[in-house]
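Enquirer: Kindly return the folded structure for what I paste below:
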Amino acid sequence: MSKRTFLIITIITFVVLFFTGCVKDDGSKTYITLMSVPMEATVPNGLHLDCILSITNADPNAPETPMTAQFAIFGFTNTQGEVEYYAYGEKKSVLNDQTHLQEEGFYPINFVKDGQNISVSLKEGNSPLAKVNPGTGTPENYQGELPFSFYTPTGQTGMYTFTDASGNIVYRVYAAFSGGTGNFFPANADGTMVSGSLPINKTTETTLQSQGFDAVTNLLTTPISCKEIQFIYAV
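Expert: The predicted structure follows:
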């Protein structure tokens with residue numbers, strides 16, 4: 001068998017397994033579907049909303065009826081200064097056309113948002129979040145040009161303030177973690193980082209300063225339209 005023929009067979013096998021799911025010993029197939037958070041579900045304390053995605057995927061078997069989904073991306077900064085992302089999902093098994101819910105919750109995902117480019121994928125492990133382990137970092141004076149001209153140093157280590165469009169004082173802190181990771185975060189009035197908070201987002205911060213909190217809320221809760229992002233995973 002030639003290398004080219006072997007490669008084609010391997011690719012076809014992968015595609016078939018991907019779309020049909022992994023068959024268990026009892027003949028069932030199991031899937032995790034990312035979805036909106038149900039009204040009865042509780043968002044774990046310490047998870048912060050990053051954005052909401054509205055996804056449209058083409059269905060090769062029914063081009064006139066694309067597959068759609070809408071779900072929120074949540075996250076928190078862990079004790080290493082890394083952001084962990086999660087999305088709500090349901091894990092179900094299918095056997096003889098019968099569907100059984102196995103578990104549900106917030107599943108860990110890989111998430112990248114770079115301008116208009118967004119990517120999402122389910123992380124290995126397939127277990128819902130049990131507990132948020134938030135980080136707080138250590139305040140440090142930022143070395144370099146501040147990311148926003150409206151940031152005003154307070155004289156306290158790593159702490160900055162500004163006034164939003166509604167006249168409220170907003171606190172920020174540059175917090176560093178082990179390994180040298182550092183970023184600007186929401187802060188408490190005493191200059192400590194809001195535990196587990198997400199790093200400051202440029203668009204959100206400038207909107208808060210120029211338009212106020214309501215505009216930020218609207219920005220975070222307005223779904224971002226995306227195409228061809230997988231939201232059903234065979235596990």
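
Enquirer: Would you mind extracting the C-alpha trace of the longest strand along the chain into CSV?
Expert: Counting by DSSP state E, the longest strand found in the chain is strand 98-114. These are the backbone C-alpha positions of strand 98-114, laid out as CSV (Å, rounded to 0.1, in the frame of the first residue of the first chain):
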residue,chain,number,x,y,z
GLN,A,98,-33.0,6.9,23.1
THR,A,99,-31.1,9.9,24.7
HIS,A,100,-30.0,9.8,28.3
LEU,A,101,-28.6,12.8,30.2
GLN,A,102,-25.4,11.7,32.0
GLU,A,103,-24.3,15.0,33.5
GLU,A,104,-24.3,18.7,32.9
GLY,A,105,-22.3,21.8,34.0
PHE,A,106,-19.5,24.1,33.0
TYR,A,107,-17.0,22.3,30.9
PRO,A,108,-13.4,23.5,30.3
ILE,A,109,-12.7,24.9,26.9
ASN,A,110,-9.9,26.4,24.8
PHE,A,111,-11.0,29.9,23.9
VAL,A,112,-9.2,32.5,21.8
LYS,A,113,-10.6,35.9,20.8
ASP,A,114,-8.3,37.9,18.6
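
Enquirer: Tell me the buried residues in that strand?
Expert: Across strand 98-114, burial judged by 16 or more other C-beta atoms under 10 Å covers 104-109, 111, 113. Any C-beta I mention is one placed from the backbone N, CA and C, and that applies to glycine too.

Enquirer: Summarise which helices and strands it is packed against.
Expert: strand 29-34, strand 48-57, strand 67-77, strand 83-95, strand 117-122 (3 or more C-beta pairs under 8 Å, 6 or more residues apart in numbering; DSSP states H and E).
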